[in-house]
Structures are given as structure tokens and as C-alpha cells.
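Chemist: Pasting a predicted model and its sequence here:
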Amino acid sequence: MVSLTIPHEVTQYIEGAREVPMDISELRELVKLFEQADITELEYETENGKIRLKKELNAPVGSGSGQVTVAATGAAQAMEEARQRESSGRPVIPAPMVGIFYRSPAPDAAPFVEVGSVIEEGQTVCIIEAMKLMNEIRSPQTGTIIEVLVENGEPVEFGQPLFVIEPVQVG
């Protein structure tokens, strides 16, 4: 680990710090996820130090945080669409974390599931990459995939619907 000077475009999110004892790629990933998330403040602590990221709500037009507001609005729309789908009687499989959505275990591999796939409770349906960790996302119930709501490689928000499923009654 090295102590690094943070570029100006990143310092708009960091309160009172110009040097941070953190790996630069880890910091870039943290800022990228923070910009995409529907949050205004994040505190991250490791044994090497602590960093606090904060978005300005009344940022001037053309600043980076204005773009973040647009992304957060898109996530809010996706959440509303999920509520509408759930109210129509079809459950969704939501993203349990913020990250990058992948449909397959490798770029050249077949997707975990397709529209029409019958899935079992606990079956892996996708991967979400968060902070360079690949997290397998498992189905909470048995059913059939009716719709895939996210494109491969897209960032996803916590709670954002990933799949619409038709539940299968077991028993």
C-alpha cells in the first residue's frame, strides 16, 4: 500500500483528505461504485485507513455529481418498475448489492439462465462484481425466468430487479 495524492476529479467526493493509504485501483473502484449508487455519503475503513465520500446535492451544472443524480433517478425508475411488476403477481430477483451484472461465469461462456429457463431455489442465476469480487447471485425460489431486465456488463443498484420469474409451486 502507498499513500497517494488523489486527482481533482475524485476529491470532489472526499472530505478533508488529499492523501489516502489505499491502493489506487481499489480507490477508483470505490469511487466508481459510489458514483453509480443511490447514496449521498459513504464511509469506508480498512486497517490502513479510512475514507469518507460525500456527494454535493446542490452541485453546479456540468459537475460530476450532476451526472450521478441522473443515474440515481434511473435506478429509482427501475425500482418503481419492479414494484409494478411485483404488484402484477410476478416476483423479481433483486440485486442484493451494488456492482456490475454478468449473465455468465466468463465472457465466452453460456449465460447461467435464459428466458424460459427453469430454476431451482439456490441456483446461481448471475454474478455481480463488487470491489473486484465476483459474487454469485442465487435464486430465492423455484420458478421459470420470464424476463431478463439487465444487460450483461451493466451497473446495478441495491434492490434493482434483475429477473422476473414465474414461481413454480413445489409439492
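Modeler: Yes, it's here. Numbering: from 1, shown residues only.
Chemist: burial measure for residue 141, as a count.
Modeler: 14 (other C-beta atoms under 10 Å). To be clear about C-beta, it is placed using only N, CA and C from the backbone, and glycine gets the same treatment.
Chemist: Looks to me like it is in a strand.
Modeler: No. Assessed by DSSP: H, G, I helix; E, B strand; the rest coil, residue 141 does not belong to a strand; its assignment is coil.
Chemist: what is the closest residue to residue 99 other than its chain neighbours paired to in the beta sheet?
Modeler: Setting aside the residues directly before and after it, residue 99 is nearest to residue 130 in space (C-beta to C-beta, 6 or more residues apart in numbering), at 3.6 Å. Beta bridges link residue 130 to residue 133, judged by DSSP bridges.
Chemist: Could I get the contacting residues of residue 130?
Modeler: Neighbouring residues of residue 130 by C-beta atoms under 8 Å, 6 or more residues apart in numbering: 33, 97, 98, 99, 100.
Chemist: State the distance from the closest residue to residue 119 other than its chain neighbours to residue 91.
Modeler: Using C-beta to C-beta, 6+ apart and skipping residues adjacent in sequence, the residue nearest residue 119 is residue 139, 4.7 Å away. Residue 139 sits 10 Å away from residue 91, going by C-beta to C-beta, to the nearest Å.
Chemist: who touches both of those two?
Modeler: Shared contacts of residue 139 and residue 91 (C-beta under 8 Å, 6+ apart): residue 165.
Chemist: thinking again about what came up before, same list as before, the contacts of residue 130 that is, but in TSV and with pLDDT included.
Modeler: Shown next, in TSV, are the contacts of residue 130 (pLDDT from 0 to 100):
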residue	pLDDT
33	81
97	94
98	94
99	95
100	95
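Chemist: Which two of these have the greatest separation?
Modeler: Across the contacts of residue 130, no pair lies farther apart than 97 and 100, at 10.5 Å, counting by C-beta to C-beta.
Chemist: Spit out the residues that contact these two alike.
Modeler: Common neighbours of residue 97 and residue 100 (C-beta under 8 Å, 6+ apart) are 128, 130.
Chemist: Fine by me, thanks again.
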